[in-house]
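K.L.:
Could you look at this predicted model? Sequence included:
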Amino acid sequence: MTAPQMIAPQTSDDPVLLALVQKQLDHIARQMGWVMTRTARSPVFSQSHDFSCFIGTADGAIASQADGLPIHTGGGGFAMRALLDTFGGRMAPGDVFLLSDPYEAGNNHLPDWTVLRPVFVDGEPCAFACNRAHQSDIGGGAA
């Protein structure tokens, strides 16, 4: 049994527990954004804040998102589901995935890259920690 299936029945009957879990997930997503801002080497991140952080469930639904660009997180579920369709049973602890395809991964355009890291509990995937950010240069004939 995956963690989202174990959590759902417990939290749906207890509104206080549901609120506490949601607040904690929101705080984790905000911390992800704070780390991005503090460690950014590009003004696209540190000054323009052209990135978004979000947490997803094991089945690819967005569970929480930090302050960011809604267009980034709006397509986040597409990215997680594309990853699950391709690598579903082959993900392992420590894996990190990079998606950039706007047609397959729900990105807005090629310079938006999505980094997804599956979170495992007892060897089973239970969530995704995700970041979608605009890259200032993705290669080509000229910068």
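P.N.:
Arrived safely. Predicted model, so just to flag it, every value in this text is computed and none were measured.

K.L.:
And for the helix ranked longest in the chain, what's in contact with it?
P.N.:
For the chain, the longest helix by residue count, based on DSSP state H, is helix 15-39. Applying CB atoms under 8 Å, 6 or more residues apart in numbering, the set of residues contacting helix 15-39 from outside is 7, 10-12, 45-46, 49, 51-55, 63-68, 129, 131, 133. Every C-beta, even on glycine, is put in place using the N, C-alpha and C of the backbone.

K.L.:
mind running it again at 6 Å?
P.N.:
Residues outside helix 15-39 that contact it (CB atoms under 6 Å, 6 or more residues apart in numbering) are T11, F45, S46, F51, C53, F54, I55, A63, S64, Q65, A66.

K.L.:
quick one: the third one and A133 touch, right?
P.N.:
No. The pair S46 / A133 is not scored as a contact, 11.3 Å apart, by CB atoms under 6 Å.

K.L.:
Of these two, which one has the most company?
P.N.:
Comparing S46 with A133 by other CB atoms under 10 Å, the one with more neighbours is A133, at 22 against 14.

K.L.:
That one pairs with what?
P.N.:
On the basis of DSSP bridges, A133 takes part in beta bridges with F51, W113.

K.L.:
of the contacts of helix 15-39, buried ones?
P.N.:
When the contacts of helix 15-39 are checked for burial by 16 or more other CB atoms under 10 Å, the buried set is T11, F45, F51, C53, F54, I55, A63, S64, Q65, A66.

K.L.:
Below-threshold pLDDT in the protein: ranges please.
P.N.:
Within the chain, the segments meeting pLDDT under 70 span 1-12, 142-143.
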